[in-house]
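> Everything below, folded, please.
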Amino acid sequence: MDSDGSYDLTSAGLQGRGDQDIKRHRNHDAGFIARLASKAVEGERTVSELAVEYGVHQTMIHQWKKALPDGAVEIFDRGGKKAPEVDG
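Residues are numbered from 1 along each chain as shown. Modelled structure (predicted):
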């Protein structure tokens, strides 16, 4: 323990969470997600290849790929019309 009552994590072999190389959560726009999910469905490249190329975790691509058919059904159920805007 230091004189100010704190602990020196570095000398103890530990680092504070802020010192680690942590990737931050990013919000992707719907167009990006749709394009990437479509590429995953096409199957020309593996999900692993797409993940490396676009810097997105494989799990996210798998989730978006799985959600794509349900989203397409909603579009056609609306008759291709844009969903109404909701005032927030």
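
> Return the mean pLDDT over stretch 61-76, rounded to an integer.
The average pLDDT within stretch 61-76 is 88.

> in that stretch, what's buried?
By neighbour count on 16 or more other C-beta atoms under 10 Å, the buried set for stretch 61-76 is 61, 64-65, 68. Quick note: C-beta positions are derived from backbone N, CA and C, even for glycine.

> With distance to residue 39 and secondary structure as new columns, can these be given to me in CSV?
Listed next are the buried residues of stretch 61-76 as CSV, based on distance: C-beta to C-beta, whole Å; DSSP: H, G, I helix; E, B strand; the rest coil:
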residue, distance to residue 39, secondary structure
61, 9, helix
64, 10, helix
65, 9, helix
68, 11, helix
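
> Can I get these in a markdown table including distance to residue 43?
Shown next, in a markdown table, are the buried residues of stretch 61-76 (distance: C-beta to C-beta, whole Å):
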| residue | distance to residue 43 |
| --- | --- |
| 61 | 12 |
| 64 | 14 |
| 65 | 10 |
| 68 | 13 |
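
> Please enumerate residues in contact with the worst-scoring helix or strand of the chain on mean pLDDT?
Ranking every helix and strand in the chain by mean pLDDT, DSSP states H and E puts helix 58-77 at the bottom, with a mean of 89. Identification of contacts with helix 58-77 by C-beta atoms under 8 Å, 6 or more residues apart in numbering yields 33-34, 36-38, 40-41, 47-48, 50-51.
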